[in-house]
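# structure, please.
(chains A, B, C and D)
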There are 2 protein chains.
Amino acid sequence: MKDILLDFIAKYITLTEEEKDAILPMDIFHTVTKGTILLREGQYSKESYFVLKGCIRTYYLLDGEEKTTAFYTEMEALTPNCVVNQTPSEYFISCIEDTVLTISNADKEAEMNSKFPKFEIMCRKMSEELLAKQRFDFDEFKTSSPEQRYRNLLQNRPDLIQRVPQQQLASYLGIKPQSLSRLRARMYEKKS
Amino acid sequence: MKDILLDFIAKYITLTEEEKDAILPMDIFHTVTKGTILLREGQYSKESYFVLKGCIRTYYLLDGEEKTTAFYTEMEALTPNCVVNQTPSEYFISCIEDTVLTISNADKEAEMNSKFPKFEIMCRKMSEELLAKQRFDFDEFKTSSPEQRYRNLLQNRPDLIQRVPQQQLASYLGIKPQSLSRLRARMYEKKS
DNA sequence: TATATTTCTTAACTTAAGTTAAGAAATACG
DNA sequence: CGTATTTCTTAACTTAAGTTAAGAAATATA
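Reported below is the predicted structural model:
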């Protein structure tokens, strides 16, 4: 399991055995069961997450309705807005599946940075890449119809369609669950 | 004009007079006229922009149609995806108004970092904040209707509605120009 | 200033998403 | 295993966005 984290880090920087040994005992590994809520609206959390196995989602509660806006699966990191802005969280984070993840915070990051300065360089790179990806995804969303978005998802993250409930997928695609059902029916009858 | 840059930096870090003096002669200030294209699809650029005065936009050319996805005005920074990913640009960047901006690149950033290490800390902070904002905007977009998005824009960036052509605003809102016209007509007849 | 060009608005029609509701399918759980 | 609960699908109807086209308004330019 811990190899996933090291593999991920290896994409950005090269670690010595010493450094690897420094990371693992940091007590950042956690196993959480399906349905666990990691963060609630209104909380002032300082925790960042990195998914090693499983799937978590962020969702807003608007007019009593859950609006899912993002999913994080293996090798994906999430620092909630509330951590960055030091404001109460506007959304919830919950586990869609039994999930193994690392939970970190500013103190632990500082510890990492002092143990090996490369770490900061890695974070910078990750942050930049994430920003670029985020912007690309947003652009793609803006310039696509719901059907195109669904086709994109099929193309790029087919696993999500299997592992995530449709109602959550729907709001992720910016539509209602009924519309997603209909859209899919439309697509599959076109094909035949 | 250069004060705008210093004011912006002051939001993140405190500069000594020496440091201020180090920044200004770096030859990063440029004035570009309305209509200038700073970056074209396909180019491998390494330049980052920071708008001091004026407005620039990013747009994709899809099926011969311009799809505007973002605007950058005073005090906003843009590092194009192609710079981060080292890939050809997927979009264009052009000036909507006569614009004053700084144009920077990795070399100049390195120069800055060596001149005062605080600079790197600032970039990290900015990057994190930007990521949080970007995610928030995306979430808001996903969970809103075109009309809500327009109302949001009226609320949060009313200047854009004045300074940006409607067809560009429309794709920024994820709809067609005709739909924006109609949407506005609908809104204003409701009010009366 | 007059004319050309671009941008914006309006309208009629088409397509697809939102809404409400009911039943089917899948899942949870006693 | 069977029942309860949740999730998904389907359908009919409403609302709004996409499309096509034409004319008005604004802007650029000769």
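# hmm, residue A:49 is touching residue A:83, no?
No: contact between residue A:49 and residue A:83 fails when scored by CB atoms under 8 Å: they sit 10.1 Å apart. C-beta coordinates here come from the backbone N, C-alpha and C atoms, glycine included.
# show me which of the two is the more surrounded one.
Taking other CB atoms under 10 Å in any protein chain shown, residue A:49 and residue A:83 do not tie; residue A:49 has more neighbours (23 against 20).
# pull up the pairing partners for the helix or strand containing that one, direction included.
When elements are assigned from DSSP states H and E, residue A:49 belongs to strand A:48-53. Using DSSP bridges, the strands paired with strand A:48-53 in its sheet are strand A:77-78 (antiparallel), strand A:99-104 (antiparallel).
# with distance to DNA strand C and mean pLDDT added, can I get the ones you listed in CSV?
Below are those laid out as CSV (distance: least, CB to the nearest atom of the strand, whole Å; pLDDT from 0 to 100):
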stretch, distance to DNA strand C, mean pLDDT
strand A:77-78, 24, 95
strand A:99-104, 15, 94
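# mean neighbour count added to these, as JSON lines?
Listed next are those as JSON lines, based on neighbours: other CB atoms under 10 Å in any protein chain shown:
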{"stretch": "strand A:77-78", "mean neighbour count": "20"}
{"stretch": "strand A:99-104", "mean neighbour count": "21"}
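# format the ones you listed as CSV; extra columns: distance to DNA strand D.
Converted to CSV, these look like this (distance: least, CB to the nearest atom of the strand, whole Å):
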stretch, distance to DNA strand D
strand A:77-78, 22
strand A:99-104, 17
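# contacts only, for the nearest residue to residue A:136 once chain neighbours are set aside.
Spatially, and ignoring its direct neighbours in sequence, residue A:136 is nearest to residue B:81 (5.8 Å; CB to CB, 6 or more residues apart in numbering or on different chains). The contact partners of residue B:81, by CB atoms under 8 Å, 6 or more residues apart in numbering or on different chains, come to A:132, A:135-136, B:87, B:89-91.
# same question for residue A:138.
By CB under 8 Å, 6+ apart, the neighbours of residue A:138 are B:69, B:134, B:137-138, B:141.
# which one of these sits closest to residue A:10?
Of all the contacts of residue A:138, residue B:134 has the smallest distance to residue A:10: 26.7 Å, by CB to CB.
# how about the closest one: what's its closest non-neighbour residue?
Residue B:134 sits nearest to residue A:134 (CB to CB, 6+ apart), 5.1 Å away.
# does any bit of stretch A:153-170 sit next to chain B?
No: applying CB under 8 Å from any CB of the partner chain, one finds stretch A:153-170 out of contact with chain B, separated by at least 10.8 Å.
# give me the contacts around that stretch.
For stretch A:153-170, contacts defined as CB under 8 Å, 6+ apart pick out A:55, A:57, A:59, A:66, A:68, A:71, A:73, A:96-97, A:172-173, A:176-177, A:179-181.
# tell me the buried residues in the strand holding residue A:49?
If you call a residue buried by 16 or more other CB atoms under 10 Å in any protein chain shown, then strand A:48-53 has these buried ones: A:48-52.
# possible to save those as JSON lines with distance to residue B:127?
Listed next are those as JSON lines, based on distance: CB to CB, whole Å:
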{"residue": "A:48", "distance to residue B:127": "14"}
{"residue": "A:49", "distance to residue B:127": "18"}
{"residue": "A:50", "distance to residue B:127": "18"}
{"residue": "A:51", "distance to residue B:127": "21"}
{"residue": "A:52", "distance to residue B:127": "24"}
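# residues from chain A in reach of DNA strand C?
Proximity of chain A to DNA strand C (CB under 7 Å from any atom of the strand) is limited to residues A:145-147, A:174-176, A:178-179, A:182-183, A:186.
# among the residues you listed, name the ones in strands.
Counted as lying in strands by DSSP state E, out of the residues of chain A next to DNA strand C, is not a single one.
# from the residues you listed, which is closest to DNA strand D?
When those are compared for distance to DNA strand D (CB to the nearest atom of the strand), residue A:178 wins out at 3.8 Å.
# what's the closest of the buried residues of strand A:48-53 to chain B?
Using CB to the nearest CB, residue A:48 is the member of those that lies nearest chain B, at 10.5 Å.
# picking that back up, you'd agree the residue nearest to residue B:134 is up against residue B:131?
Yes: under the criterion of CB under 8 Å, residue A:134 makes contact with residue B:131 at 6.5 Å.
# those two: who's more crowded?
Higher neighbour count among residue A:134 and residue B:131: residue B:131, with 20 against 17, using other CB under 10 Å.
# state whether the more buried one is indeed within a helix.
Yes: if the criterion is DSSP: H, G, I helix; E, B strand; the rest coil, then residue B:131 is within a helix.
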